[in-house]
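**Student:** next input, structure requested:
(2 chains)
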Amino acid sequence: MAFYIARRLLATIPVLFVLSVIVFLIIYLIPGDPAAVMLGDGASPETIETLREQMGLNLPLLPQYGRWIGHALQGDLGDSFFMRQPVRTALAEHLGPTLSLAVLAELVAIVIALPLGIRAASRRGELADKTLTGFSLFGITVPGFVLSMFTVLLFSVQLKWLPVSGYKPLSDGLWMHLKYLILPALSLGIVQASLLARVTRSSMLDVLNESFVKTALAKGVGERGIVYRHALRNALLPILTVIGGSFGTLIAGAAVIESIFNIPGMGQLLVNSVQRRDYAVIQGVVLFVAFAYVLVNLVVDLLYAIVDPRIRLK
Amino acid sequence: MSAEPILQINELKTHFHTERGRVTPVDGVSLEVGRGEIVGIVGESGCGKSATAQSVLRLFDEKRLASYEGEIRFGGRDLLGLTPKQMRGVRGNEISMIFQDPLSSLNPVYTIGGQIVETLRLHRPIGRKEAAAKAIELLRLTGIPAPERRAREYPHQLSGGMRQRVMIAIALACEPRLLIADEPTTALDVTIQAQILELIQDLNRRLGMSVMLITHDLGVVAETCSRVVVMYLGQVVESGDVRDVFKAPLHPYTIGLMKAVPRLDGDRKQELPDVPGSVPPLHQIPQGCRFAPRCAFADDKCRSAMPELAALPGSDTRVRCWHAGRIAGTED
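**Tutor:** Residues are numbered from 1 along each chain as shown, chains lettered A, B, ... in the order given. Sure thing, here's the model as predicted:
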């Protein structure tokens, strides 16, 4: 097990390296001189030259990368030109809302999708199965922003149970924090759940057709034992993969939902920075999100090993 | 055979209700397994031997796929009349089953010991510790070296033969009166095959446990069984004492199967004869005798009317063939 973890950790190093190179080069993917673009049309050549100097754009590419990655490894992602604050601070401020929202949305997805998918597989053709088909069609076809507007109309405008939009940090109290996140989490979670439920169903169906399920039946195990003890754990790998993927997506920030509910998360930060050509922030957000993705996948890999001894003991 | 058989199957029919209509892989099978007896069931793939075996434990999905007719008498009850809950009490407890491929038949995410403990605790009111100790005993009984260590291992860490021994240990956990072995050696190496068969025979003798052995290998039957049931397309075509059937097979299908067994003293240059043709699919069952299209003896009568399974005068072997008398040499 320790060996497995060590190998997985080592395997992330080249991924992170390639990633950092790509993120670093983002600045050159955009046409024009970054400094000139940032300063706008009215800037004098002297001002542009000063900024180029500050940003290190006059150095050759390799030393430039070296300087940037050296700082990044120490947690210094540069300063936001527009916000006049370190990128690190901006990230930290926007991470909280996104993380809360992502965790909550993923929980919504899991709570809906797993029971539904499991029941649909063990009772295929019956009510649960048909519910799943209808639900996932709904989740795939109805876009998140439409869904969120309807939930706002129902729960905020009509029933007045929950606030229309906004965000309150956890320090204002748990309920206050959750109250503002329930509707966006529901809108995001339902969309994620539709995919997760389908994957759960098909993975469970595959496992229920395996020979060891027949053995369990021949041992006298009842339906619940077959489904939950014998089948579910074996069906978990694809389910974990999808959960990991969807959580990674949520960490990247749900720009649309965030702007509908006015939540100051990563999605908003990224969209705003792109509009302002705030390169350091764009690089910082993309680097952070990619890093989070790698981290989530690492956690998923470790969960694989816990669930399936064949992976652990290879 | 002793007085009362432990398992008596009467006119069993197993229907599968598929999207393309109803098929009947087991079509009126009657057979018996006596106390302490090993009965072999043979036939090519698709002959319904496995379906018959699984029907005894009612392993098919009765909600969506299968329905049964007839009678399966075991321990004074008709298994087909039991509730699902009563049936669970029979499975793994009074009747156990082992399967063809021991790797895919064991749950990959649980330890060997845990899978034995599960069966024990399903049917016996014993604690975890006691069950774990019993599991190690069972592993030892089936000839697994270092059972304490093996009990903590997972199926993929064991060899094929070891896995089948584990399957047998799981099957034996609750001291069943009948073991159904569905092609238990087909997926194993030849030398391991012999060991597993020896183990099954040994357990049969020592524990007095009856065995229903499904196989397509007549050699296995000759070595291990006292009686044999030959199946073709969901029906029994011949059944009787192993010695009688091997000495004088009466059904053309049995004769064909026996010719297809390689012999040490046979002519090595000559190609091994097989039964011509192949088993037709279940939705294309021929008229009359089901074997007629592949049979060298077939005539118009065979192609129009189905013969009954019956014993010839002065014989204990039961056979389903219009020409059995001629084959036996007792009539022209």
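
**Student:** and B:G161, how far from B:V220?
**Tutor:** Distance, B:G161 to B:V220, using C-beta to C-beta, to the nearest Å: 16 Å. Yep, even glycine has a C-beta here, placed from its N, CA and C like the rest.

**Student:** A:K160 - how many residues pack around it?
**Tutor:** A:K160: 9 surrounding residues under other C-beta atoms under 10 Å in any protein chain shown.

**Student:** count of residues packed around A:D278?
**Tutor:** Considering only other C-beta under 10 Å, A:D278 is surrounded by 23 other residues.

**Student:** can you read off the pLDDT for it?
**Tutor:** Residue-level confidence at A:D278 comes out at 85, pLDDT.

**Student:** that one touches A:M83, doesn't it?
**Tutor:** Yes - between A:D278 and A:M83 there is a contact under C-beta atoms under 8 Å: 7.3 Å.

**Student:** give me the spatial nearest neighbour of A:V37, chain neighbours excluded.
**Tutor:** Among residues not flanking A:V37 along the chain, A:R277 sits closest, at 5.2 Å (C-beta to C-beta, 6 or more residues apart in numbering or on different chains).

**Student:** the one you found and A:A36 touch, don't they?
**Tutor:** No - A:R277 is beyond contact range of A:A36, at 10.1 Å (criterion: C-beta under 8 Å).

**Student:** got the phi/psi numbers for the residue nearest to A:V37?
**Tutor:** When read as degrees, to the nearest 10, the backbone of A:R277 gives phi 50, psi 40.

**Student:** ok, now which ones touch it?
**Tutor:** A:30, A:34, A:37-38 (C-beta atoms under 8 Å, 6 or more residues apart in numbering or on different chains).

**Student:** go on, B:R128?
**Tutor:** Going by C-beta under 8 Å, 6+ apart, B:R128 touches B:117, B:121.

**Student:** cool, A:L208 as well?
**Tutor:** A:121-122, A:226-227, A:231.

**Student:** tell me which of the residues you listed fall in strands.
**Tutor:** Within the contacts of A:L208, no residue falls in strands by DSSP state E.

**Student:** what about B:I196, neighbour count?
**Tutor:** 23.

**Student:** that one: helix or strand, and which one exactly?
**Tutor:** Counting by DSSP states H and E, the element that carries B:I196 is helix B:190-207.

**Student:** next helix or strand past that helix?
**Tutor:** Following helix B:190-207 in sequence, per DSSP H and E, is strand B:210-214.

**Student:** mind listing residues that contact the next helix or strand after that following strand?
**Tutor:** For strand B:210-214, the following helix or strand on the C-terminal side (DSSP H and E) is helix B:218-224. Residues outside helix B:218-224 that contact it (C-beta under 8 Å, 6+ apart): B:38, B:40, B:42, B:185, B:193, B:197, B:200-201, B:213, B:215, B:228, B:242, B:246, B:257-258, B:261.

**Student:** ChimeraX command for the buried members of those residues?
**Tutor:** The ChimeraX selection below is limited to those of the contacts of helix B:218-224 classed as buried (16 or more other C-beta atoms under 10 Å in any protein chain shown):
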select /B:38,40,42,185,193,197,200,201,213,215,228,242,257
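
**Student:** ok, so of the contacts of helix B:218-224, who is nearest B:E308?
**Tutor:** Among the contacts of helix B:218-224, B:V228 lies closest to B:E308 (C-beta to C-beta), at 19.2 Å.

**Student:** I'd like the distance between that closest one and A:A218.
**Tutor:** Going from B:V228 to A:A218 by C-beta to C-beta gives 24 Å.

**Student:** which residues are in contact with the residue of the stretch 1-150 of chain A found nearest chain B?
**Tutor:** Closest residue of the stretch 1-150 of chain A to chain B, C-beta to the nearest C-beta: A:G125 (6.9 Å). With contacts defined as C-beta under 8 Å, 6+ apart, the neighbours of A:G125 are B:R64.

**Student:** same question for B:R294.
**Tutor:** B:R294 touches B:253, B:256, B:275-277, counting by C-beta under 8 Å, 6+ apart.

**Student:** and those, which are buried?
**Tutor:** Applying 16+ other C-beta under 10 Å to those, the neighbour count classes B:253, B:256, B:275 as buried.

**Student:** I'd guessed the last one sits against B:E44; true?
**Tutor:** Pointing back at B:V275 there. Yes - contact criterion C-beta under 8 Å: B:V275 and B:E44 qualify, at 7.4 Å.

**Student:** ranges for the strands of chain B?
**Tutor:** Listed from the start of the chain, chain B has strands (DSSP E) covering B:7-18, B:21-33, B:38-42, B:66-74, B:77-78, B:95-98, B:178-182, B:210-214, B:227-232, B:235-241, B:310-311, B:318-319.

**Student:** on that earlier part again, can I get the contacts of A:L208 in JSON lines including distance to A:L91, neighbour count and pLDDT?
**Tutor:** As requested, the contacts of A:L208 are exported to JSON lines (distance: C-beta to C-beta, whole Å; neighbours: other C-beta atoms under 10 Å in any protein chain shown; pLDDT from 0 to 100):
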{"residue": "A:A121", "distance to A:L91": "41", "neighbour count": "24", "pLDDT": "94"}
{"residue": "A:S122", "distance to A:L91": "44", "neighbour count": "21", "pLDDT": "91"}
{"residue": "A:I226", "distance to A:L91": "47", "neighbour count": "20", "pLDDT": "96"}
{"residue": "A:V227", "distance to A:L91": "43", "neighbour count": "21", "pLDDT": "95"}
{"residue": "A:A231", "distance to A:L91": "42", "neighbour count": "26", "pLDDT": "96"}
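
**Student:** good, we can wrap up now.
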